[in-house]
Each structure stands twice: as structure tokens, then as C-alpha cells.
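S.K.: No sequence on hand, only this structure:
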């Protein structure tokens, strides 16, 4: 069944550049069916495929959210950092906006020890418990905390392996996607015409290289998660009323 979209949504997708892909020469063979046109050597993604894939991905995320899933957000490109950070912070999810550390998933025990060490060190400093050390030692701890902050601050909520990995630009984060696939962790990702959608469980066909496009997609994801959390909060009440 085809997805039918109205003129207003079509105009929005065009104006925000959501359907604007990369050059034709970069198109992955598996993405040819998603291409609807080509302008000045730039591919245009099928708007119906964009909306259909987005809806499927959001429904999946809503279902997982209701189950209490831990969603891990990843996007280190300048155009993705802000929205990735914002959505992760809003819902208390872990995130990576600087650099993916190899083994974050596949070598989780070791990474988790480093995260715990950073958390303990930061907490001890905030509580003033490092004051018992010499000034030189305290300075050393402060420098270590600052150095580790960029790597581990977003991982503080990664208390276990995630249930879902959300990625912006799978080419840039191929290591993260491979690690998730090895462990059977579903991957939801924004897929452009130069990517292979077969490596992703729930591809969202859209531009992954423009801020407006990424912001728009993630705003829809955010709406879906918010809706799921609201529904999950009211479901127990409905059950209680049904048991009366």
C-alpha cells in the first residue's frame, strides 16, 4: 500500500531539503528504487518513501519506548550534534556527539569501567573529596576529568547495552553500526542515497548531510517518543479502571 502525502507535507520536505540526496555518481545500487528524479546531477528521494520509512521507524521507537527501552543516539557531524544532544537529553538517553569509541558496544565491560571511573572522579571533585590531595594532584585530576569529558559525558546513562541504536550518517559511523549488528541490536538510521539500507533495521530515507533535514526528522522522532511516554504513563490507569 502506497503512502499518500498532501501538498503541504511535500512542500515542507522540499523546502527543508529532506528529499535532497547526494550526486548521482554516489548512489548505492540498493537505493535506486528510492530515487524519484535527478536535478543538476543531484538525486531526489521519493517523498512517499521518506514519509513511509519515517512512520515505520517512529512506530518502532514508540513500541520500544513503551517497553522501557534504552535508545542510544549517535551523530557526530556538526549538522547533527545539536539535535542528537537535545533529544537524548530530553529523554535521559545516552549519546555520542564527538567521537565513537571503538568497542563501545562489543567491548562494553571495559568501556563501562572507564565510564564509571570518569563518573566517580567527577562526583568526587564536585563533593570536594579531592581536596585531601596535593594541589598538583588535584590539578592532574581536573585535567583528566576535562580530557575524559568529551569521550564519556554522553555515555554516563549507558548503564547497559542499548536496546536500540539511532544513527545519523551510517557511513561516518560504520563502526557503530557494525558493532550493533554483531550484537543483534536494532539500528534506526537516517539513510541517504549513498548508503546501503540493508545494514540498518529501520532506515529513514532522507538527507543526512543538511541540518534542516536532520532537525526535522529528529523532531518527528522526538514527537513519537513523547507520545509513547505519555501513552505508557496512562495505560496503568486504564488497566486499574478496567479492574474495578
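M.R.: Cool, got the structure. Predicted, not measured: the structure shown is a model, and the values here were computed from it.

S.K.: the domain parsing of the chain - what is it?
M.R.: 7-105+161-234, 108-154 (automatic domain parsing).

S.K.: Could you tell me the least trusted of those domains?
M.R.: Least confidently modelled of the domains of the chain is domain 108-154, at a mean of 89 by mean pLDDT.

S.K.: follow-up on the earlier one: reformat the domains of the chain as a markdown table; add mean neighbour count.
M.R.: Any C-beta I mention is one placed from the backbone N, CA and C, and that applies to glycine too. Output for the domains of the chain, formatted as a markdown table (neighbours: other Cβ atoms under 10 Å):
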| stretch | mean neighbour count |
| --- | --- |
| domain 7-105+161-234 | 18 |
| domain 108-154 | 14 |
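
S.K.: Contact partners for residue 179?
M.R.: 103-106 (Cβ atoms under 8 Å, 6 or more residues apart in numbering).

S.K.: Would you enumerate the residues in contact with residue 163?
M.R.: Contacts of residue 163 (Cβ under 8 Å, 6+ apart): 64, 67, 69-71, 185-186.

S.K.: For my notes, please list those in CSV and give distance to residue 15 for each entry.
M.R.: Putting the contacts of residue 163 into CSV (distance: Cβ to Cβ, whole Å) gives the following:
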residue, distance to residue 15
64, 31
67, 36
69, 33
70, 35
71, 29
185, 35
186, 31
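
S.K.: Cross those residues against strands and list the overlap.
M.R.: residue 71 (DSSP state E).

S.K.: does residue 140 count as helix, strand or coil?
M.R.: Assigned by DSSP: H, G, I helix; E, B strand; the rest coil, the conformation of residue 140 is helix.

S.K.: Relative to residue 68, how far out is residue 195?
M.R.: 30 Å (Cβ to Cβ, to the nearest Å).

S.K.: Next: residue 13.
M.R.: Relative to residue 68, and taking Cβ to Cβ, residue 13 is found at 33 Å.

S.K.: go on, residue 62?
M.R.: On the measure of Cβ to Cβ, residue 62 and residue 68 end up 13 Å apart.

S.K.: same question, residue 190
M.R.: 25 Å.

S.K.: Then residue 106?
M.R.: Remark: distance between residue 106 and residue 68 (Cβ to Cβ) = 24 Å.

S.K.: now residue 130
M.R.: Residue 130 is 36 Å from residue 68, by Cβ to Cβ.

S.K.: again with residue 77
M.R.: Residue 77 is 30 Å from residue 68, by Cβ to Cβ.

S.K.: repeat for residue 42
M.R.: 42 Å.

S.K.: can you give me the helices in the chain?
M.R.: Here the chain has its helices, by DSSP state H, at 7-15, 47-66, 78-91, 108-126, 135-152, 174-183, 211-243.

S.K.: just checking, what packs against the fifth one?
M.R.: To tie it back to what came earlier, the one meant is helix 135-152. helix 108-126 (3 or more Cβ pairs under 8 Å, 6 or more residues apart in numbering; DSSP states H and E).

S.K.: from the chain's centre, how far out does the helix it packs on sit?
M.R.: Distance, stretch centre to chain centre, for helix 108-126: 23 Å (Cα atoms, centre = their mean, to the nearest Å).

S.K.: now stretch 135-149
M.R.: With Cα atoms, centre = their mean, you get 30 Å for stretch 135-149.

S.K.: So of the contacts of residue 163, which two are at opposite extremes in space?
M.R.: The two members of these with the most space between them (Cβ to Cβ) are 67 and 185, at 14.2 Å.

S.K.: As JSON lines, the helices of the chain with distance to residue 162 would be great.
M.R.: Output for the helices of the chain, formatted as JSON lines (distance: least, Cβ to Cβ, whole Å):
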{"stretch": "helix 7-15", "distance to residue 162": "29"}
{"stretch": "helix 47-66", "distance to residue 162": "10"}
{"stretch": "helix 78-91", "distance to residue 162": "11"}
{"stretch": "helix 108-126", "distance to residue 162": "10"}
{"stretch": "helix 135-152", "distance to residue 162": "15"}
{"stretch": "helix 174-183", "distance to residue 162": "8"}
{"stretch": "helix 211-243", "distance to residue 162": "14"}
